[in-house]
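Engineer: Build me a model from this:
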Amino acid sequence: MSITSRMLKIHFAVMAIESGAKKLNISGWEMEQRLQKQDLIHSRLIEHYELLHTQSLEYVADDIVETLTNLEREDY
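Structural biologist: Alright, predicted model coming up:
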């Protein structure tokens, strides 16, 4: 079975979600729900995969946490 581009992007998104969840000390499920509410899984992690996957996982986790918290702050 060959690894497709879609599979790589999904794997990357899962790793980013779990790493971001650890930084926020929340479950991966809660992180996924919060990211989905802001459409960040697709619009940030998947759409910008080519740029983000070349960065460290720590950088990506910091980026997604910062983006998420900024968007949530704007919602309130």
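Engineer: Specify the local secondary structure of residue 20.
Structural biologist: Following DSSP: H, G, I helix; E, B strand; the rest coil, residue 20 is assigned to helix.
Engineer: Now do the contacts for it.
Structural biologist: Listed by C-beta atoms under 8 Å, 6 or more residues apart in numbering, the contact set of residue 20 reads 31, 35, 61, 64, 65, 68. (Glycine included, C-beta is placed from N, CA and C.)
Engineer: ditto for residue 22
Structural biologist: Contacts of residue 22 by C-beta under 8 Å, 6+ apart are residue 61.
Engineer: heads up, I number from 427, so please use that
Structural biologist: Fine by me, first position is 427 from now on; the one you just mentioned is residue 448.
Engineer: Against residue 483, how distant is it?
Structural biologist: According to C-beta to C-beta, to the nearest Å, residue 448 and residue 483 sit 10 Å apart.
Engineer: likewise residue 438?
Structural biologist: Residue 438 is 9 Å from residue 483, by C-beta to C-beta.
Engineer: now swap in residue 499 and tell me
Structural biologist: For residue 499 relative to residue 483 (C-beta to C-beta), the value is 24 Å.
Engineer: Comparing the two, which residue is more hemmed in?
Structural biologist: residue 483 (15 against 8; other C-beta atoms under 10 Å).
Engineer: Spatially nearest residue to that one, not counting backbone neighbours?
Structural biologist: residue 445 (5.3 Å; C-beta to C-beta, 6 or more residues apart in numbering).
Engineer: And the pLDDT at residue 502?
Structural biologist: Predicted confidence (pLDDT) for residue 502: 69.
Engineer: Let me fix that, I meant to ask about residue 489.
Structural biologist: Looking at residue 489, its pLDDT is 97.
Engineer: how many other residues sit next to it?
Structural biologist: Neighbour count for residue 489, taken as other C-beta under 10 Å: 17.
Engineer: didn't it look like it was pressed against residue 477?
Structural biologist: No. Using C-beta atoms under 8 Å, residue 489 is not in contact with residue 477; the gap is 10.3 Å.
Engineer: what residue ranges in the chain score low on pLDDT?
Structural biologist: Within the chain, the segments meeting pLDDT under 70 span 427-428, 502.
Engineer: show me where it has helices.
Structural biologist: Using DSSP state H, the helices of the chain run over 431-450, 454-463, 466, 475-478, 483-501.
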